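Visitor: build me a structure from this.
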Amino acid sequence: SSCAMTQKTLTKNGHPPWQVPEDNAAGDVGLQLYNSLTDSKEPFIPMQGKHISMYVCGPTVYDVAHMGHARAYLTFDIIRRILEDYFNYNVLFQLNVTDIDDKIILKARKGELLKNYRAKAMSIEDAKKDAEFALAKRRNKLEADRRGVEEKLASGSLPSREKEEAETALKSNDLFVEQLKEAEAKMRDAKSRDDVVNGCADFLADWLDETLGHTIDDKQVFNAHARKYEDMFFEDCANLGIRDPTVITRVSDYVDEIVAYIDELVKKGVAYDSKGSVYFDTTKHKQSHDYPKLVPSAGSGQTDAELAEGEGALGAKFEGDKKHRNDFALWKSSKAGEPRWASPWGDGRPGWHIECSVMIKEIHGPRLDIHGGGSDLRFPHHDNEIAQSEAYHDCGQWCNFFAHAGHLHIKGLKMSKSLKNFVTIRQALESYTARQLRLMFLCHGWDRPLNFSDQSIAEARDKETRFNSFLAAVETAAREAPVRSTA
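Guide: Below is the predicted model of the structure:
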């Protein structure tokens, strides 16, 4: 179906007008879905009969998947099963694998440098000297970061989104300082060179990457890293009982299509080339479209944390190359130590947001019924996807429903790789069954934050016991019940 839209719109909760999907008697089963584009429940009507086009942002394969990821993928598995098995919809469920990304580049590079470092002949004293240097560098950075955040908070003039970010940054800083102290203790107690390297591995890797990262230029290093964690991710999904996607798309298989898509945006005048990178022109886009749609309050400007998250760990340095701070990278020119692909703008790699827009177009065409992802992806990731797609397809509403799974928290902070406060799916499955984990998520609203704690898992165990005894009792009753004649 094309991008031509009905004119019936709803305006709710500070969001721009949402265009109500056209009537579709075959596809309207009376279901309501909480839609992030209006922040309220809306009648769910797909575009074509009982067919649903659904895309969920998949993993960035740079490390082992944790329970925060399980929350999102189990949530969308549950929603999909309800749509398919209960309402008999035909769901074309697409999951992407982000295998070109700054996080992968950094993790793969650090892994390779650490491997080379371990292979060097050196004494425990030399290793301690290096570790002390790496830890001191990190400590200085943490102290400087903390001062910066405290000054911001002391000014008393922060908008609410930035204030919340600053308070979270202080909590995260406390956690990082704790991790640093643990590494210092391990270094002091180390009995061998390997003890030092293992105890301070993350900090040594950061230091090695700063000084030698540019020397790693074999694309195979990045590729092998991504493949390893992709395989582990799909093993985890199978162990959690998650239904296979209808289609899996991998970014590295779509680089040519991404280049062609960006080229089209440049021709339309909503993207520009700057020093070998290409940026999306948000100011130009806003002349004809609403942006941002999911987090309208971000329209006044991105916070520093959103900018860093959206542009990637290796991209935030390009600040001066953009017309406007809110513009975002579609194509990034690659420096030494970063994988590269050919493009009309020079060697580089795709930006993060563009990958999803292109892969959705390749599988679903110009429109989408449901787009899913974790709630941290609303802005900038999903708002930027919407902007690119609506500019490319010349339409006012590219996707009708956005569904965002709530975060999993642990001790008051979002469970995440960067905070190193995560429980991997593999660790969780050593203590709990896949059914218990599924029940734990089912006991809470799918779009609300949830605390991963002994209490939430105990609740799920209790529910499982009650279900099991109920089903066993039903089975016994069915066996013992007299067979009634139906004649």
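Visitor: any idea which element residue 77 lies in?
Guide: helix 67-81 (DSSP states H and E).
Visitor: what about the next helix or strand after that helix, distance to the chain center?
Guide: Sequence order places strand 90-97 as the next helix or strand after helix 67-81, per DSSP H and E. Chain-centre distance of strand 90-97: 16 Å, with Cα atoms, centre = their mean, to the nearest Å.
Visitor: how about residues contacting whatever helix or strand comes next after strand 90-97?
Guide: Remark: after strand 90-97, the chain's next helix or strand is helix 102-118, criterion DSSP H and E. By Cβ atoms under 8 Å, 6 or more residues apart in numbering, the residues outside helix 102-118 that reach it are 60-63, 98, 194, 197, 201, 204-206, 208-209, 212-213, 216, 221-222, 224-226, 312-315, 337-339, 417. No exception for glycine: its C-beta is placed from N, CA and C like everyone else's.
Visitor: quick one: average pLDDT of helix 102-118?
Guide: Mean per-residue pLDDT for helix 102-118: 96.
Visitor: follow-up on the earlier one: format the CA atom coordinates belonging to the helix holding residue 77 as PDB.
Guide: Presented in PDB, the C-alpha positions along helix 67-81 are these (Å, rounded to 0.1, in the frame of the first residue of the first chain):
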ATOM      1  CA  MET A  67      18.100 -10.300  30.700                       C
ATOM      2  CA  GLY A  68      17.300  -6.700  29.600                       C
ATOM      3  CA  HIS A  69      17.400  -8.000  26.100                       C
ATOM      4  CA  ALA A  70      15.300 -11.000  27.000                       C
ATOM      5  CA  ARG A  71      12.600  -8.600  28.400                       C
ATOM      6  CA  ALA A  72      12.200  -7.000  24.900                       C
ATOM      7  CA  TYR A  73      12.400 -10.200  22.800                       C
ATOM      8  CA  LEU A  74      10.100 -12.200  25.100                       C
ATOM      9  CA  THR A  75       7.700  -9.300  25.100                       C
ATOM     10  CA  PHE A  76       7.400  -9.100  21.300                       C
ATOM     11  CA  ASP A  77       7.300 -12.900  21.100                       C
ATOM     12  CA  ILE A  78       4.300 -12.900  23.500                       C
ATOM     13  CA  ILE A  79       2.600 -10.100  21.500                       C
ATOM     14  CA  ARG A  80       3.300 -11.900  18.200                       C
ATOM     15  CA  ARG A  81       1.900 -15.200  19.600                       C
END
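Visitor: of the contacts of helix 102-118, select the buried ones using a ChimeraX command.
Guide: Entered in ChimeraX, the line below selects the buried ones among the contacts of helix 102-118, by 16 or more other Cβ atoms under 10 Å:
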select :60,61,62,63,98,197,201,204,205,206,208,209,212,213,216,221,222,225,226,312,314,315,337,338,339,417
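Visitor: re the thing from before, name the residues of the helix holding residue 77 that are buried.
Guide: Residues of helix 67-81 classed as buried by neighbour count (16+ other Cβ under 10 Å): 67-80.
Visitor: helices - which of the contacts of helix 102-118 land there?
Guide: Using DSSP state H, the members of the contacts of helix 102-118 that fall in helices are 194, 197, 201, 204-206, 208-209, 212, 221-222, 224-226.
Visitor: do I have it right that residue 389 meets residue 364?
Guide: No - the pair residue 389 / residue 364 is not scored as a contact, 10.6 Å apart, by Cβ atoms under 8 Å.
Visitor: looking at the two, which one has more neighbours?
Guide: Legend: neighbour count by other Cβ atoms under 10 Å for residue 389 and residue 364, higher for residue 389 (26 against 18).
Visitor: got a list of what the more buried one touches?
Guide: So residue 389 contacts 357, 360-361, 398-399 (Cβ under 8 Å, 6+ apart).
Visitor: and the furthest pair within the residues you listed?
Guide: Using Cβ to Cβ, the pair of these lying farthest apart is 361 and 399, separated by 11.7 Å.
Visitor: can I get the lowest-mean-pLDDT helix or strand in the chain in CSV? Just the C-alpha atoms.
Guide: Lowest on mean pLDDT, DSSP states H and E among the helices and strands of the chain sits helix 304-311, with a mean of 80. Provided in CSV are the C-alpha atoms of helix 304-311 (Å, rounded to 0.1, in the frame of the first residue of the first chain):
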residue,chain,number,x,y,z
ASP,A,304,24.4,15.3,25.3
ALA,A,305,23.5,11.7,26.2
GLU,A,306,21.0,11.4,23.4
LEU,A,307,23.5,12.8,20.9
ALA,A,308,26.3,10.4,22.1
GLU,A,309,23.9,7.4,22.0
GLY,A,310,22.5,8.3,18.5
GLU,A,311,25.8,9.1,16.8
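Visitor: buried stuff in it?
Guide: Neighbour-count burial for helix 304-311, counted by 16+ other Cβ under 10 Å, picks out 306-307, 309-311.
Visitor: and stretch 379-398, by the same measure?
Guide: For stretch 379-398, burial by neighbour count (16+ other Cβ under 10 Å) applies to 379-393, 395-398.
Visitor: same question for stretch 423-442.
Guide: 423-425, 428-429, 432, 434-441.
Visitor: what's the helix holding residue 77 packed up against?
Guide: Secondary-structure packing of helix 67-81 (3 or more Cβ pairs under 8 Å, 6 or more residues apart in numbering; DSSP states H and E): strand 51-56, helix 219-239, strand 368-374, strand 399-405, strand 408-410, helix 425-431, helix 434-442.
Visitor: please identify which of these is closest to residue 449.
Guide: strand 408-410 (5.6 Å).
Visitor: residues of the closest one that come out buried?
Guide: 408-410.
Visitor: same question for stretch 127-143.
Guide: Applying a neighbour-count criterion of 16+ other Cβ under 10 Å, the buried positions in stretch 127-143 are 127-128, 130-131, 134-135, 138-139, 142.
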